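J.: Provided below are the primary sequence and the corresponding predicted coordinates.
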Amino acid sequence: MNMIELKNVSRVYTAGDHTLRALDRVSLELEKGKFIVVLGQSGAGKSTLLNMIGGLDSPTEGEIVVDGKDISKLGRDGLAAYRAETVGFVFQSYNLIPTLTVKENVALVKEIVKDPLDAEKILDEVGLLDHLNNFPSELSGGEQQRVSIARALAKNPKILLCDEPTGALDSETGVTVLKLLLNMAREHGKTIIIVTHNQNIAKMADVVIRVKNGKIKSYETQDHPLTADEVEW
């Protein structure tokens, strides 16, 4: 079953006489519950692709259908509801509120979604139950990233979009984060999409998409992807 379909999607930015085609007639079909990695150089269109799927931006042309709904036709309020109900975001910057505890940062999602998961339960899953009352400044980078993942998962999203989630982490902590994300796809049926420069992460993916100059350069499926422990970091 397809969770995400892009049909001839383009995104064109215009500034004065200059036009940039960040995405150029991209078509994709992505199945539910898959671990998907998007590779490409800076400026290739990876983050634009992620923003389109996440409803952070709208296509200039084409359709984006997520879980049977054409989000490309939604207005501002409709996109806000879609982001709240369907999508979780994990970025390289953790975006935690420094004056709130770990538990409070995760529990914030109850203000925007109807059926959030329990903050303590999710933090237990990411191995941070002992840090509920700590503030972000008291945590390592890897721990802060796990808090941001817990916050995204507490929304109980169908899709988790990750933009370079391990880019600022050391290799050991990065592997821990990747194990967690992989588990979300394998054990919980979440559709995970990771944008990265890291070729090693692609070895773990069910689907590897390479983007160049706003176009899909290649789309590969892997029947036997590696686990995080099997990859040589």
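T.: That came in fine, so what should we check first?

J.: switch to C-alpha atoms for all contacts and neighbour counts from now on
T.: Will do.

J.: now residue 129: how far from residue 147?
T.: 11 Å (Cα to Cα, to the nearest Å).

J.: which residues are in contact with both of the two?
T.: Counting by Cα atoms under 8 Å, 6 or more residues apart in numbering, the shared contacts of residue 129 and residue 147 are residue 123.

J.: neighbour count for these two, which is higher?
T.: Neighbours were counted for residue 129 and for residue 147 using other Cα atoms under 10 Å; residue 147 has more, 29 against 16.

J.: that's a strand at the more buried one, yeah?
T.: No - Residue 147 is assigned helix when assessed by DSSP: H, G, I helix; E, B strand; the rest coil, not a strand.

J.: that one against residue 123, yeah?
T.: Yes - Residue 147 lies in contact with residue 123 (Cα atoms under 8 Å); the separation is 7.3 Å.

J.: residues in contact with the worst-scoring helix or strand of the chain on mean pLDDT?
T.: Across the helices and strands of the chain, mean pLDDT, DSSP states H and E gives its lowest value to helix 171-186, namely a mean of 88. Residues from elsewhere that reach helix 171-186, judged by Cα under 8 Å, 6+ apart: 33-35, 126, 142, 145-146, 166, 190-192, 227-229, 233.

J.: distance check, residue 216 against residue 17.
T.: 26 Å.

J.: of those two, who's got more company?
T.: Counted by other Cα under 10 Å, residue 216 and residue 17 do not tie: residue 216 has more neighbours, with 21 against 5.

J.: which phi and psi does that one have?
T.: Main-chain dihedrals, residue 216, degrees, to the nearest 10: phi -80, psi 110.

J.: okay but it is in contact with residue 26, surely?
T.: Yes - under the criterion of Cα under 8 Å, residue 216 makes contact with residue 26 at 6.5 Å.

J.: show me the residue sitting in the middle of the protein in space.
T.: residue 161 (1.1 Å; Cα atoms, centre = their mean).

J.: packing partners of the host helix or strand of that one?
T.: Using DSSP states H and E, residue 161 sits in strand 159-163. Counting contacts by 3 or more Cα pairs under 8 Å, 6 or more residues apart in numbering; DSSP states H and E, strand 159-163 packs against helix 46-54, strand 87-91, strand 191-196.

J.: try 7 Å
T.: Applying 3 or more Cα pairs under 7 Å, 6 or more residues apart in numbering; DSSP states H and E, one finds that strand 159-163 makes contact with strand 87-91, strand 191-196.

J.: next, the residue lying closest to residue 227 once chain neighbours are set aside: secondary structure please.
T.: Nearest residue to residue 227, sequence neighbours excluded (Cα to Cα, 6 or more residues apart in numbering): residue 204, at 5.7 Å. Assigned by three-state DSSP, the conformation of residue 204 is coil.

J.: what sits against residue 204?
T.: 225-228 (Cα atoms under 7 Å, 6 or more residues apart in numbering).

J.: then stretch 205-217 to CSV, C-alphas only?
T.: Extracted C-alpha coordinates of stretch 205-217, given in CSV (Å, rounded to 0.1, in the frame of the first residue of the first chain):
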residue,chain,number,x,y,z
ALA,A,205,17.2,1.4,3.7
ASP,A,206,14.4,-0.5,2.1
VAL,A,207,14.4,2.2,-0.6
VAL,A,208,17.2,4.5,-1.7
ILE,A,209,16.4,7.6,-3.8
ARG,A,210,19.1,9.7,-5.3
VAL,A,211,18.3,13.3,-6.3
LYS,A,212,20.3,15.5,-8.6
ASN,A,213,19.4,18.9,-10.0
GLY,A,214,15.8,18.6,-8.8
LYS,A,215,15.2,15.3,-10.5
ILE,A,216,15.1,11.7,-9.4
LYS,A,217,18.4,10.3,-10.6
